[in-house]
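Enquirer: Sequence first, predicted coordinates after that:
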Amino acid sequence: MLTRCVTVLVFLAAVLATASTGLAESFPTPFSYWPSDLKINGTVIACADAEVPSQAADIFLSKASGNEPKFALLALDQTPLPDNLQPAADSAASFTTLALFGDSACDATTARAAIDAADGVVLLSSRTPGVKVAESLTKNQEALDRLLDRGGRLLAVGPVLNQLGRYQTTDQETITAGLNTIPDAILFQEPASLDEIQAPLAQAPTAVGIGVPARTAIVLRGRKIRTYGTGQATFAIRGNDRQPPRVQRVGAASNGRANPYETIIDLTAWRRDAIERQLPAFPSASPPKPHVEKGTLIIVGGGGTPRGLLERMVELAGGKSAKMVYVPCREEETVPADDGLIRRWKATGVESAVVFHTKDRHQANSDEAFLEPLKEATGIWFGGGRQWNFADSYYGTKAHRLMQAVVERGGVIGGSSAGASIQGDYLARANPVANFDIMAAGYERGLGFLTGVAIDQHFSQRNRQPDMSSLVDRYPQLLGIGIDESTALIVNGSAAEIVGQGQVFFYDRRRPVGADLPDYLALGAGQTFDLAERVEVTVPDVATAE
């Protein structure tokens, strides 16, 4: 336990040192800052007391793959198993009960065998585990990790829930390593006040504090946390000199149409936000002007791609000698290699066309064989979906640097919808919970192929003008760009040419806006905008000039 805690604190010291000295504006932000364990494979449930909410009990007791499940109870004291955790009388489900306390405590080998045979494990206590009991839990760390890796369920009932986070605390001043089954969290049973949660975060500033009140449970599946029961769970991260502490209270959904922002927590987004607060402010107060020194960017607002645009992209990438890479925007671990876009590219006779996809940041950072297609690519296309997937997989990795290198050596980078937004410096509309809001804490960094801008898509079709107004009101240093469907912005140098059926909207808060005038400039097909100077490029009328 001590070794794990020291490793954690060394990482925190490195982050804090970087924050205090200032992070260079050079590309990119170091790989190691951002979470690599984006989600868990199983389910973790934390209940504050023996009154386990019925929905949480049902989730734990549910059948696994249609078979009657097997459970293990690891008892940390003499607290009896709550009635609603007992399998139904007509069920073949079974419990193996093991004590981790007193003279009858089982040995580590027996406990690990029971965990390895189980579909679900209950940790049960009525008081905060002592040092010896906590150590016995730590000895079963690998078995509990295996349980979750194979999709199993872990339920902590009572004060033992404080063992589930990356850190645990027995007072408001000292933290030690926990099981980290709820990554980068510190859990509290029935916190008396917000201060009780905030104080330990001073020792672990990149952690997420979670308070679980009586008759309430939180359930983590994948990366999303939901609350069940009568109370509201409290989520908090530390403030800094720019922002106050972030606090949100989340209760159970009262009906199927509940606002997702009020009932769901994306844990990875909160973890990223906690890390972001230890780094220099983003976006920069004075970002570089938008300019593509070499190569071309093709930025499509979703919907259909303008006629002839993909063929134009292939020509820009080298024609028959082009080496094309498609990067899909997917949360799944694997995607088909024979994508429709790949077939279209191959039909043009290009030299190569491949799919490039991973959810493993380590692979994106260090697997040379996997990275090989990017090293020689002359064109990259980013697909549509939810743009936070791109940030999760690639931001700050070697893959990110290799993508940037494609355009730096004169290649072309294109993308539609999510593949448009990710090209900007600021990543618009990247909340993993839902895409209704244009600004999402923890997911504000795009891949930055076009500096100093924020790009939104499906713009007029989804009435997103007010959203972009709010973004540039908050970050007036940015140039806001909204792109309609079936419309594209083609960028060379600082010149942005509009093609397609709709319009592109430019939001510049350095430009005065009258009370009866729109706060944007809208341009259509055939028009060009100078991104660096933030003005429309006027083409002289040849007839008039003569």
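Expert: Ah, there it is.

Enquirer: Give me the nearest residue to R509, chain neighbours excluded.
Expert: With Cβ to Cβ, 6 or more residues apart in numbering as the criterion, R509 has its nearest non-adjacent residue at 3.6 Å, and that residue is P476. In this view, the C-beta of every residue, glycine as well, is placed from N, C-alpha and C.

Enquirer: And Y261, by the same measure?
Expert: Leaving aside its sequence neighbours, Y261 sits nearest to V433 (Cβ to Cβ, 6+ apart; 6.0 Å).

Enquirer: The one you found against N259, yeah?
Expert: No - V433 is beyond contact range of N259, at 9.8 Å (criterion: Cβ atoms under 8 Å).

Enquirer: residue contacts, the closest residue to S94 other than its chain neighbours?
Expert: Excluding the flanking residues, the one nearest S94 by Cβ to Cβ, 6+ apart is K70, at 5.7 Å. Residues near K70 by Cβ atoms under 8 Å, 6 or more residues apart in numbering: 93-94, 96, 117-120.

Enquirer: give me that answer again for 10 Å
Expert: Residues in contact with K70, defined by Cβ atoms under 10 Å, 6 or more residues apart in numbering, are 64, 92-96, 114, 117-120.

Enquirer: before we move on, what about R153?
Expert: Contacts for R153 were tallied using Cβ under 10 Å, 6+ apart; they are 42-45, 59-62, 64, 69, 71, 118-122, 147, 219, 221.

Enquirer: swap in G384?
Expert: 300, 302-303, 328-329, 415-421, 457-458.

Enquirer: what do you get if the cut-off is 8 Å, keeping everything else the same?
Expert: Residues in contact with G384 (Cβ under 8 Å, 6+ apart) are 302, 329, 416-419.

Enquirer: picking that back up, higher neighbour count, V433 and N259?
Expert: Higher neighbour count among V433 and N259: V433, with 18 against 11, using other Cβ atoms under 10 Å.

Enquirer: and that one, how far is that from R474?
Expert: In this view, V433 and R474 are 20 Å apart by Cβ to Cβ, to the nearest Å.

Enquirer: rewinding a little: pLDDT wise, what is the residue nearest to Y261 at?
Expert: What the model reports for V433 is a pLDDT of 96.

Enquirer: in what helix or strand does it lie?
Expert: Here V433, judged by DSSP states H and E, is contained in no helix and no strand.

Enquirer: repeat for A391
Expert: Assigned by DSSP H and E, A391 falls within helix 388-394.

Enquirer: related to what we said a few turns ago, in strands only, show me the contacts of G384.
Expert: Mapping the contacts of G384 onto strands (DSSP state E) picks out S416.

Enquirer: Between which two of the contacts of G384 is the distance greatest?
Expert: Farthest pair in the contacts of G384 (Cβ to Cβ) is G302 and C329. Separation: 11.7 Å.

Enquirer: Who are the contact partners of the nearest residue to R510 once chain neighbours are set aside?
Expert: In space, and not counting its chain neighbours, R510 is closest to R534: 6.7 Å by Cβ to Cβ, 6+ apart. Neighbour list for R534: 479, 506, 508, 510-511 [criterion: Cβ under 8 Å, 6+ apart].

Enquirer: List the strands paired with the helix or strand containing L74, with their directions.
Expert: Assigned by DSSP H and E, L74 belongs to strand 70-75. Strand 70-75 pairs in its sheet with strand 94-99 (parallel), strand 120-124 (parallel), by DSSP bridges.

Enquirer: Go through those and find the least confident stretch.
Expert: Among the strands paired with strand 70-75, strand 94-99 scores lowest, with a mean of 84.

Enquirer: got the buried residues for that one?
Expert: Across strand 94-99, burial judged by 16 or more other Cβ atoms under 10 Å covers 95-96, 98-99.

Enquirer: ditto for stretch 337-347
Expert: Buried residues in stretch 337-347, defined by neighbour count with 16+ other Cβ under 10 Å: 339, 341-342, 344-345.
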